[in-house]
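S.K.: build me a structure from this.
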Amino acid sequence: MKIIILLISLLSYTTHAQDLTPKENWYTLWGAGMTGTLYDDENVNDAIDELQDIDDVERTTINADLFGFYWPVDMEHQTMMGFIIHGTNDSFDGDGVTFDVSQTLYAFSTIAFLGKQIGHGWYLRGDIGVARGKVDIDTTLVDYNKTFNGYGFLGGAGHGWKIANDTRFLIGLYFSRFNLEDDFKTSNISLSGSFLF
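M.R.: Reported below is the predicted structural model:
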């Protein structure tokens, strides 16, 4: 517990100690990170458990934030709104098996910073929009691919730092939910690092 308090204090100190970056008319955000995906369908979860038991099969789970464009919406320059494409990918590969689930959220996004201005200090993020998912399964017995449409949302929090005069680095922990056709639903926990220009 003492370590957590020390880290929070250090983050707060570095946020207040650093110089502020210039205020921009608009911002762009790009990032990537690790993701854990849980499927609502127990049959899918059971199949994944079996895949993970195969020695030569490797699992890769990633997420990405692409084409994020935001504009400040308040006089204090602490909140920005815009749009972003958030994607996750869960894949297994090896030993004659390919299992790949990709999900994409085309979202309206809001990020509110609790520090002095955009890009500095703790922040909250919320996204909501239309979603698309794709499943590809290729084994010696099965060749299946299908695309699903639906909606999704993302919410979370993080911390931002100035790393150059017009560049900020954000690290965030996010929960996302995809609700797609045919009751194909997933929940995702993501840890992401992003650059805000």
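S.K.: C-alpha coordinates for stretch 80-95, CSV please?
M.R.: The C-alpha trace of stretch 80-95 is given here as CSV (Å, rounded to 0.1, in the frame of the first residue of the first chain):
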residue,chain,number,x,y,z
MET,A,80,-11.4,17.6,-25.6
MET,A,81,-13.9,15.8,-27.8
GLY,A,82,-13.5,14.1,-31.2
PHE,A,83,-13.4,10.7,-32.8
ILE,A,84,-11.1,7.7,-32.7
ILE,A,85,-10.8,4.2,-34.0
HIS,A,86,-10.1,1.7,-31.2
GLY,A,87,-9.3,-1.9,-32.2
THR,A,88,-8.5,-5.1,-30.4
ASN,A,89,-7.1,-8.4,-31.7
ASP,A,90,-7.0,-11.8,-30.1
SER,A,91,-5.2,-14.4,-32.1
PHE,A,92,-3.8,-18.0,-31.8
ASP,A,93,-1.3,-19.3,-34.3
GLY,A,94,0.8,-22.4,-34.7
ASP,A,95,0.5,-26.2,-35.1
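S.K.: in what helix or strand does residue 48 lie?
M.R.: helix 42-52 (DSSP states H and E).
S.K.: does residue 35 touch residue 186 like I think?
M.R.: No. Counting by CB atoms under 8 Å, residue 35 stays clear of residue 186, with 10.1 Å between them. Any C-beta I mention is one placed from the backbone N, CA and C, and that applies to glycine too.
S.K.: low-confidence regions, the protein specifically.
M.R.: 1-19 (pLDDT under 70).
S.K.: any idea which element residue 119 lies in?
M.R.: Going by DSSP H and E, residue 119 is not in any helix or strand.
S.K.: the chain should start at 44 in everything you say after this.
M.R.: Okay, residue one is now 44; in that scheme the one you just asked about reads as residue 162.
S.K.: surely it meets residue 206?
M.R.: No. Using CB under 8 Å, residue 162 is not in contact with residue 206, being 9.7 Å away.
S.K.: let me see the contact set for residue 82.
M.R.: 88, 91, 228-229 (CB atoms under 8 Å, 6 or more residues apart in numbering).
S.K.: what separation do you get for residue 144 and residue 133?
M.R.: With distances taken as CB to CB, to the nearest Å, residue 144 is found 5 Å from residue 133.
S.K.: overlap in contacts, these two.
M.R.: With CB under 8 Å, 6+ apart as the test, residue 144 and residue 133 both reach residue 80.
S.K.: coming back round to it: just the buried subset of the contacts of residue 82, written out for ChimeraX, thanks.
M.R.: Selection of buried members from those for ChimeraX, criterion 16 or more other CB atoms under 10 Å:
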select :91,228,229
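S.K.: the contacts of residue 82: which two are farthest apart?
M.R.: Taking CB to CB as the measure, the contacts of residue 82 reach their widest spread between 91 and 228, a distance of 14.9 Å.
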